[in-house]
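Undergrad: Here is the input, now give the coordinates:
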Amino acid sequence: MSENATVTKENLLEVLDLLDSMDMRYWIDGGWGVDILLGKQHREHRDIDVDFDGEFTEALLNRLKENGYQIVVDWSPSRIELNHPELGYIDIHPLTINEDGSARQANPQGGWYEFEAKWFSAALFEGRVIPCISAEAQKLFHSGYELSEVDKTDMKNLDSLITSSE
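TA: Here you go, the predicted structure:
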């Protein structure tokens, strides 16, 4: 799969099946997370961003490697990106989940990113309920840097979703 290849909806569903088989908490973030919130695919995706219970990091990495993924970027403990020749890229983000449902992710520059419990949600996509990061959190995660055209499309879609739910 080339650098410009996309992760298809079918690839996403295969990855979701793998994640569900592990009996761990996870949430889809990023572009696929936005499309899951919207209930349908609106654009092509380079990767799948997965926030997950960091206690499963080693088990998840082993399962992904067993399924043909190879690590291409390792910024442990913040994120690890892997690639599969047919299924594309997956970017995994280990979280420390607190008893109150909030969580934190290591910041590569030190410290932590804090996740509020209310940011962990789910949405119906392709006939299944998929855990994902809320529209509010997705908007926050896309602030503080220059947005790409793809990010701008995601933000416009999130704005329409937030407006329609108010």
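Undergrad: Show the pLDDT at residue 1.
TA: Residue 1 carries a pLDDT value of 39.
Undergrad: so residue 80 sits in a strand?
TA: Yes. Using DSSP: H, G, I helix; E, B strand; the rest coil, the assignment for residue 80 is a strand.
Undergrad: thought it was touching residue 92?
TA: Yes. With contacts counted by CB atoms under 8 Å, residue 80 reaches residue 92, the gap being 5.2 Å. Backbone N, C-alpha and C define where each C-beta goes, glycine included.
Undergrad: Mind listing the shared neighbours of those two?
TA: Residues touching both residue 80 and residue 92 by CB atoms under 8 Å, 6 or more residues apart in numbering: 57, 61.
Undergrad: quick one, strands of this structure?
TA: 26-29, 47-53, 70-75, 79-84, 88-97, 103-106, 112-115, 120-125, 128-133 (DSSP state E).
Undergrad: quick one: strands adjacent to the fifth one?
TA: Right, the one you point to is strand 88-97. strand 47-53 (parallel), strand 79-84 (antiparallel), strand 103-106 (antiparallel) (DSSP bridges).
Undergrad: How about the second one, which residues are buried there?
TA: To tie it back to what came earlier, the one meant is strand 79-84. 79, 80, 81, 82, 83, 84 (16 or more other CB atoms under 10 Å).
Undergrad: who touches the last one in this structure?
TA: With contacts taken as CB under 8 Å, 6+ apart, residue 84 has the following neighbours: 1, 64, 67, 68, 69, 70, 90.
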